[in-house]
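1. With the input below, show me the fold.
(2 chains)
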Amino acid sequence: MERTPIGDLRAHLDQTVMIKGWLHVLRDQKKIQFIVLRDKTGMVQITHWKPNDEKLAELISSLTTESALRVTGKVSDNPQVKLGGLEIQLESLAVENLAESPLPFEPFGEKDNLPALDYRLDWRFMDLRRTENLLLFQAQTTMEMALREYWVERGYIEMHSPKLMGSPSESGAELFELDYFETKAYLAQSPQFYKQMAMAAGFEGVFEIGPVFRADPSFTSRHMTEFTSIDLEISWIEDEDDVMSNQERMLQYAYQRVKDAHGDAIKEVFGLEIEVPQVPFPRVTMAEAHQILKEVGYQLPPEKKNDLDPGAERALGDYIKQKTGSDFVYITEWPFAVRPFYHMKKGDNLTRSFDLLANGLEITTGAQREHRYDILLEQAKEKGLTADPIQFYLDFFRYGCPPHGGYGMGLSRLLMVMMKLSNIRETVYLFRGPNRLQP
RNA sequence: GGGGGCGUGGUGUAGUGGCUAACAUGCGGCCCUGUCAAGGCCGAGACCGCGGGUUCGAACCCCGUCGCUCCCGCCA
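-> Numbers count the residues shown, from 1 in each chain, chains lettered A, B, ... in the order given. Next comes the predicted model:
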């Protein structure tokens, strides 16, 4: 007999079916036993009248919560049953894997008793059984598929760049160093150089969704040492605004797809209405941002005169939300002083670069890149870099490299913002941080 | 790396100088002709992170240490 998903049982009334799932609840009474079985698609009540089969009744009495079961029985309509108005009259039951008791914690227990995040991460497989998490990763799957649809429709090419590198790609964030035969290698902190290479290769539009590594000992609710980066790079742009308008329409599309596929479930499980953003997103230059901060009375530390700190980003997010209703805002025209050498300058001191803030959280940095070899070399020097270790990169710009730009976006940060969750460790399958390499 | 907070049965909390350390949930047992996040009764389970100190007396105060956590720095 083929397995029937629990969510489809209504279509099998009065038939004998086989279902497989986890024992959600057992109500063991004197004459009658009720098992609530759960699979990915839903839950159903299985009823067993004990005198029908005392041996089977005994087996059922010995079952533990979360055990993996295979059950056959007849589907019957019963309006009396609060769970879907139907139940299964038990015919046979097999235990695939008996759960030990007690469980490390009750994934379906009362919300107030939910263990601390760190403990749940120790037992992540159990934590992931929670409805919230199942839905979260279903939504992530839909979102990633939507992004790929958006890009593939535009003819962009998906790339998979190496994560082992012989030299650092960008300055700034720290690199993980590892032994590589007779020499040293580094884990990629970004596919930046390689996606720009694709522009020199004539691919015109590329994207990559892949892992990146940052050796920063950051102890916050929004940093990881390994995370999935969503990267895009496109050629023949006029300026950085082409990159922004490309990204915002993509995000709008992805939000719409998630809402269409999971909107009702998200509302039920998270109590959250997915809001598809309006485009274009508001755009604020760095100079305007500082003016706004002054207006709302946010004190920026003196060393941040060219920059923003997380508090300023939250204050700007609040201000924009209040003024325009938008959760998203682009901060543009960042000073060259706080940007990497390959961002194209705008005037002497500014750049054609942007950050995207969502609910006051930085989820993207992007820019038009400097594609003119001489100027790029000059800017590298200005940042104190020597050409030698990055000559392979600089060579991209010597034989006909088109103007281009792109961005990098954190997958889990995007999900965190979309689902309004306060800790990134909730939105990643397995968290990696300075103190967490297991499981 | 700097700063703040927390550390009590399996889990989540209460207790902030004098208790046999409380409650919820989970676990075990019994009761209940249909329950439904079932209900009722009974029971087991914590020397209060660890080490030292103050005190007649410490879960509670002090010092150290470890762990976790949040913020800042860094960024996605």
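2. tell me the secondary structure for the residue of chain A most remote from its centre?
-> Going by CA atoms, centre = their mean, the residue of chain A most distant from its centre is A:Pro51, 51.0 Å out. Of the three states, A:Pro51 takes helix according to DSSP: H, G, I helix; E, B strand; the rest coil.
3. residues in contact with it?
-> By CB atoms under 8 Å, 6 or more residues apart in numbering, A:Pro51 lies in contact with A:Lys31. (C-beta placed from N, C-alpha, C; glycine too.)
4. Buried residues, the strand or helix carrying A:Ile234. List them.
-> Element membership of A:Ile234, judged by DSSP states H and E, is strand A:226-235. For strand A:226-235, a neighbour-count test (16 or more other CB atoms under 10 Å) marks A:226-235 as buried.
5. How about stretch A:195-210?
-> A:195-200, A:203-210.
6. One more: stretch A:80-98?
-> With burial defined by 16+ other CB under 10 Å, the residues of stretch A:80-98 counted as buried are A:84, A:86-88, A:90-91, A:93, A:95.
7. From those residues, which land in strands?
-> Among those, the members found in strands (DSSP state E) are A:86-88, A:90-91, A:93, A:95.
8. Would you list the phi and psi of the residue nearest to A:Ser167 when sequence neighbours are not counted?
-> Distances taken as CB to CB, 6 or more residues apart in numbering place A:Pro389 nearest to A:Ser167, at 4.4 Å, with adjacent residues excluded. Taking degrees, to the nearest 10, you get phi -70, psi -20 for the backbone angles of A:Pro389.
9. Just give the number of residues close to A:Pro389.
-> 11 (other CB atoms under 10 Å).
10. any idea how far the residue farthest from the centre of chain A lies from RNA strand B?
-> According to CB to the nearest atom of the strand, to the nearest Å, A:Pro51 stands 10 Å off from RNA strand B.
11. likewise A:Arg130?
-> To RNA strand B, A:Arg130 is 13 Å away according to CB to the nearest atom of the strand.
12. what sits against that residue?
-> With contact set as CB under 8 Å, 6+ apart, A:Arg130 has these partners: A:107-108.
13. How about the residues of the stretch 101-250 of chain A by RNA strand B?
-> By CB under 7 Å from any atom of the strand, the part of the stretch 101-250 of chain A that sits against RNA strand B consists of A:101-106, A:109-110, A:112-119, A:172-173, A:190, A:214, A:216-225, A:227, A:229.
14. what about A:Cys300, neighbour count?
-> Quick fix: residue A:300 is Leu, not Cys. Using other CB under 10 Å, A:Leu300 has 17 neighbouring residues.
15. Can you say which helix or strand has it in it?
-> Short version, using DSSP H and E: A:Leu300 is in no helix or strand.
16. Tell me if I'm right that it and A:Asp309 touch.
-> Yes: here A:Leu300 reaches A:Asp309: they are 6.6 Å apart, a contact under CB atoms under 8 Å.
17. residue boundaries of the helices in the stretch 201-350 of chain A?
-> A:240-270, A:286-296, A:310-324 (DSSP state H, counting those that start in this stretch).
18. can you tell me which of those helices comes nearest to A:Phe341?
-> A:Phe341 sits nearest to helix A:240-270 of all those, at 16.3 Å, using CB to CB.
19. For that closest one, name the packing helices and strands.
-> Secondary-structure packing of helix A:240-270 (3 or more CB pairs under 8 Å, 6 or more residues apart in numbering; DSSP states H and E): helix A:131-153, strand A:226-235, strand A:328-332, strand A:353-358, strand A:361-368, strand A:404-410.
20. Just put these in a markdown table and tack on distance to A:Asp77.
-> Listed next are those as a markdown table, based on distance: least, CB to CB, whole Å:
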| stretch | distance to A:Asp77 |
| --- | --- |
| helix A:131-153 | 25 |
| strand A:226-235 | 45 |
| strand A:328-332 | 48 |
| strand A:353-358 | 46 |
| strand A:361-368 | 48 |
| strand A:404-410 | 48 |
